[in-house]
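Q: Sequence and predicted structure are below.
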Amino acid sequence: MHERQSVKSVDPNEGSATIATSGESVVEALKVKEWEVGMFHNEVAATQGIRIRRRPPTGPPNHYVGPFQFRLQNEGNTPRNILEEIVWNKDNEVAQLKERKPLITISKALGNAPPVRDFIGALRAANERTGLPGLIAEVKKASPSRGILRENFDPVEIAQSYEKGGAACLSVLTDEKYFKGSFENLELIRNAGVKCPLLCKEFIIDAWQLYYARSKGADAVLLIAAVLPDLDIKYMVKICKLLGLTALVEVHDEMEFDRVLGIEGVELIGINNRNLETFELDISTTKKLLEGERGKIIRERNIIMVGESGLFTPEDIAYVQEAGVKAVLVGESIVKQSDPGKGISNLFGKDISV
Ligand SMILES: O=P(O)(O)OC[C@@H](O)[C@@H](O)c1c[nH]c2ccccc12
């Protein structure tokens, strides 16, 4: 047992952690370390062409100093775009949630989580059954680019309608601040007896979130290459496998796609037609990225490709299918319709539930 230390470390080269005089200052020192790691993270990310910085570039850690809004207005601490703002906000959110529910608590809850469902299996089966891309239908109330998509929003009703309409899997937004989603919605849908596997649509920046998502009943999670450096994706994909989760790794340009193709164990890749930094939408992104060598690698490795965002008509579906996707992720065009299940028939130009 240590006696309470009250003197500085004798070695002046040692770091601030050794000046600790009580449990609280050890915690502070750990937070500073965490902050430094976050800073280092920004530099590693930049070498991989990632423009999104994990933390504001100056000042102390944002989760224990002052209101976030205040910090955002400070020079040097202004996010460059909406994706960066979301990520910085998520960093705060996760830091707080983690303090309330440490990993050990969540690990215990994992045993009580609903069993995992086969996300990729469901997509493949739907694709074989219909000859069309398997549908991941998104339960989405709002987005920063489109505002409120549906006023009268009952997540369970929408999920059941999607399932009835022939969706293979569902995507449930869990971000509250920017997408008006919640983990409660995910749990409600799972507990209502919906059988489709569920994607937890979240901005994942910390492995803790993977455990949390599984404990809330998720079968799959989204990993965004515009935000996560290679090593994070690599470890997160491994943790997903341990937990039985499917990782949908999302890319939106050639560089991200090549990075992800260099990571072992990736089985499901989404091409987001929307650039999350600028909101620009262009469905030819899916086609462009699957042309040539990359398309060949995908086929050789039997990786399932998902066309994401901006799909509204049977022509759009045919276009991305022709480009090589076996699945699509669709929100806006179906969630806006009074009967979302019927929205699916409109989207595909036929009833895909039979
Ligand atoms: O509503 P749309 O345009 O059909 O898009 C759905 C889905 O692709 C989109 O919500 C999405 C794809 N990747 C994301 C990452 C974060 C937030 C949202 C998304």
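A: Structure received. Numbers count the residues shown, from 1 in each chain.
Q: from here on, contacts and neighbour counts on C-alpha atoms
A: Noted.
Q: What is the end-to-end distance of stretch 149-160?
A: Stretch 149-160 has its terminal residues 18 Å apart, counting by C-alpha to C-alpha, to the nearest Å.
Q: Skipping adjacent residues, who's closest to residue 144 in space?
A: Distances taken as C-alpha to C-alpha, 6 or more residues apart in numbering place residue 178 nearest to residue 144, at 5.9 Å, with adjacent residues excluded.
Q: okay, the residue in the stretch 151-300 of the chain that the ligand sits nearest to: pLDDT?
A: Here the stretch 151-300 of the chain gets closest to the ligand at one residue, residue 272, 5.7 Å apart by C-alpha to the nearest ligand atom. Residue 272 carries a pLDDT score of 98 in this model.
Q: who touches it in this structure?
A: 250, 251, 252, 285, 286, 307, 308, 309 (C-alpha atoms under 8 Å, 6 or more residues apart in numbering).
Q: now, which of these lie within strands?
A: 250, 251, 307, 308 (DSSP state E).
Q: neighbours around the second one, how many?
A: Residue crowding around residue 251 was assessed by other C-alpha atoms under 10 Å; the count is 26.
Q: Chain neighbours aside, what residue packs nearest to residue 145?
A: Residue 145 sits nearest to residue 279 (C-alpha to C-alpha, 6+ apart), 6.5 Å away.
Q: count of residues packed around that neighbour?
A: Residue 279 has 15 nearby residues by other C-alpha under 10 Å.
Q: so where's the stretch 201-350 of the chain shaky on pLDDT?
A: Counting by pLDDT under 70, the stretch 201-350 of the chain contains no low-confidence range.
Q: So which bits of it are right by the ligand?
A: Proximity of the stretch 201-350 of the chain to the ligand, by C-alpha under 6 Å from any ligand atom, involves residues 272, 308, 309, 310, 311, 329, 330, 331, 332, 333.
Q: what about dumping the CA coordinates of stretch 111-127 to CSV?
A: Extracted in CSV, the C-alpha atoms of stretch 111-127 (Å, rounded to 0.1, in the frame of the first residue of the first chain):
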residue,chain,number,x,y,z
GLY,A,111,-24.9,-11.2,-21.4
ASN,A,112,-28.5,-9.9,-21.3
ALA,A,113,-28.4,-8.4,-24.7
PRO,A,114,-30.7,-9.8,-27.4
PRO,A,115,-28.8,-12.5,-29.5
VAL,A,116,-27.0,-11.1,-32.6
ARG,A,117,-28.6,-11.5,-35.9
ASP,A,118,-26.8,-12.1,-39.2
PHE,A,119,-26.7,-8.7,-40.9
ILE,A,120,-24.7,-9.8,-44.0
GLY,A,121,-26.7,-13.1,-44.3
ALA,A,122,-30.0,-11.1,-44.4
LEU,A,123,-28.6,-8.8,-47.1
ARG,A,124,-27.4,-11.7,-49.2
ALA,A,125,-30.7,-13.6,-48.8
ALA,A,126,-32.7,-10.6,-49.9
ASN,A,127,-30.5,-10.1,-52.9
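Q: quick one: contacts of it?
A: 132-135, 168-169, 196-198, 214-220, 244-246, 268, 304, 326-327.
Q: Could you list the buried residues of it?
A: 114, 116, 117, 118, 119, 120, 122, 123, 124, 126, 127 (16 or more other C-alpha atoms under 10 Å).
Q: and what of stretch 248-263?
A: Those would be 248, 249, 250, 251, 252, 253, 255, 256, 257, 259, 260, 261, for stretch 248-263 by 16+ other C-alpha under 10 Å.
Q: Then stretch 127-147?
A: Buried residues in stretch 127-147 (16+ other C-alpha under 10 Å): 127, 132-143.
Q: Check what pLDDT residue 44 gets.
A: So, for residue 44, pLDDT stands at 81.
Q: And residue 179, by the same measure?
A: 97.
Q: Touching, it and residue 145? I think so.
A: No: using C-alpha atoms under 8 Å, residue 179 makes no contact with residue 145, being 9.8 Å away.
Q: picking up where we left off before, before we move on, what SS does the residue nearest to residue 144 have?
A: Secondary structure assignment for residue 178 (DSSP: H, G, I helix; E, B strand; the rest coil): coil.
Q: How about the contacts made by it?
A: 86, 142, 143, 144.
Q: how far away is it from residue 142?
A: 8 Å.
Q: how about the strands of the stretch 101-250 of the chain, start to end?
A: 134-139, 142-143, 147-148, 169-173, 198-201, 220-224, 246-251 (DSSP state E, counting those that start in this stretch).
Q: Can you give the distance of the last one from its chain's centre?
A: The reference is to strand 246-251. 8 Å (C-alpha atoms, centre = their mean, to the nearest Å).
Q: Report the angle between it and strand 220-224.
A: 20 degrees (axes from the mean of the first three to the mean of the last three C-alpha atoms, to 10 degrees).
Q: Given strand 246-251, what are its sheet partners and their directions?
A: strand 220-224 (parallel), strand 268-272 (parallel) (DSSP bridges).
Q: next one: the last one to chain centre, how far?
A: The one in question is strand 268-272. 12 Å.
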